[in-house]
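**Q** sequence first, predicted coordinates after that:
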Amino acid sequence: MTDLTDRSALNRRRFLVRTATGGLGLALARAANAADPPGKGFVDAHSHIWTTDLAKYPLANGQPASVLAPPSFTADELLGICRPLGVDRVVLIQHKPYHGLDNRYLADAIAAYPGVFGGVACIEAAAPRPDLDMLRLKPLGFRGFRITPGEGGASRWSESEGMRQMWACAAANNLAICPLIGADHLNQVDEMCGRFPETKVVVDHFARIGGDGEFRESDLAQLAALAKRPLVHVKISAFYFLGQKKPPYRDLVPMIRRVFEAFGPRRLMWGSDSPYQLGAPNTYAASLELVQNGLEFLSAEDRDSLMRRTAESLFFA
């Protein structure tokens with residue numbers, strides 16, 4: 001099974017790109033990938049990347065390189081793990097704890113690998129015009145914008161002018177709002193969807209239900225109730241973080257089935273949440289295995305939606 005230390009799958013061209021540049025060299029990366037257009041493999045709807053090139057991509061708040069865990073997880077390293085397992089496109093999520101609101105490393109990776117990466121950015125919702133940041137980032141390949149509770153300068157998103165601008169801009173420009181929340185903030189998602197019914201929404205990691213090892217019926221019911229909002233989607237992701245937190249993740253099957261029955265396959269998408277999915281005993285392959293072979297209630301068409309078509313329609317259209 002593939003894990004974080006397995007570099008054997010990196011082909012010679014990407015190895016040369018990485019070692020020659022110490023990270024992501026745009027001209028070399030474009031040349032290395034010119035013959036490798038993305039196909040119709042799986043889409044990983046959620047992964048992070050970062051680089052040790054802190055001179056070009058400094059960490060937020062002056063943090064030292066020692067905070068990076070793992071010390072390096074570049075675009076090349078991610079592709080070396082996921083491509084041998086049939087994943088040929090990935091939605092990259094800005095890692096705010098490391099790089100804050102500086103989305104340049106993701107933007108450069110998207111440009112260096114045409115058609116391979118989509119992006120979800122982080123911006124300042126409390127800024128005077130966050131919608132202008134969204135429109136600036138859209139041509140760079142960002143189709144989603146991550147939000148967390150308390151952003152926007154108000155205790156509730158509905159009370160933040162900047163957050164309201166973001167939701168309106170997303171609706172008008174075919175972009176997605178991507179809440180990273182716990183179940184206790186699902187009511188805010190519902191409230192904002194009521195105000196902005198044409199905004200696409202992608203809830204990360206089942207709203208973290210099961211993160212404490214408990215799958216509470218009240219939380220599951222609240223998540224399932226969001227299915228009444230037709231543009232709300234849910235990521236089937238971060239298996240390492242939920243329930244028993246180890247393969248084969250069979251304890252997650254009832255929750256996945258509950259969400260599947262509420263939202264249907266076309267509003268669900270699988271994501272690894274790498275590199276965090278790669279810490280032993282968890283592996284990238286194990287995360288794929290659950291959706292590929294461990295959910296008996298899925299048809300082949302359902303799996304295609306979860307593993308490819310849903311994320312493709314939101315982040316690569």
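**A** Here it is on my side, so go on.

**Q** wait, a helix at residue 233?
**A** No. Counting by DSSP: H, G, I helix; E, B strand; the rest coil, residue 233 is not found in a helix; it is strand.

**Q** any idea where the helices of this structure begin and end?
**A** 12-21, 26-33, 75-82, 96-99, 104-112, 130-137, 161-172, 186-195, 217-225, 253-263, 284-293, 300-304, 310-315 (DSSP state H).

**Q** out of these, which is the most enclosed?
**A** With neighbours taken as mean count of other CB atoms under 10 Å, those reach their highest mean count in helix 75-82, at a mean of 25. Where you see a C-beta, it was placed from the backbone N, CA and C, and this is true even at glycine.

**Q** report the mean confidence score over that helix.
**A** Averaged over helix 75-82, pLDDT sits at 98.

**Q** Serialize the helices of the chain to JSON lines and add fields for distance to residue 121.
**A** Shown next, in JSON lines, are the helices of the chain (distance: least, CB to CB, whole Å):
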{"stretch": "helix 12-21", "distance to residue 121": "23"}
{"stretch": "helix 26-33", "distance to residue 121": "19"}
{"stretch": "helix 75-82", "distance to residue 121": "16"}
{"stretch": "helix 96-99", "distance to residue 121": "10"}
{"stretch": "helix 104-112", "distance to residue 121": "7"}
{"stretch": "helix 130-137", "distance to residue 121": "5"}
{"stretch": "helix 161-172", "distance to residue 121": "11"}
{"stretch": "helix 186-195", "distance to residue 121": "18"}
{"stretch": "helix 217-225", "distance to residue 121": "25"}
{"stretch": "helix 253-263", "distance to residue 121": "25"}
{"stretch": "helix 284-293", "distance to residue 121": "24"}
{"stretch": "helix 300-304", "distance to residue 121": "27"}
{"stretch": "helix 310-315", "distance to residue 121": "12"}
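
**Q** which stretch among these comes nearest residue 237?
**A** Closest to residue 237 of the helices of the chain is helix 284-293 (CB to CB; 8.3 Å).

**Q** hmm, back to that, of the helices of the chain, which is nearest residue 203?
**A** Of all the helices of the chain, it is helix 186-195 that lies closest to residue 203, at 6.7 Å by CB to CB.
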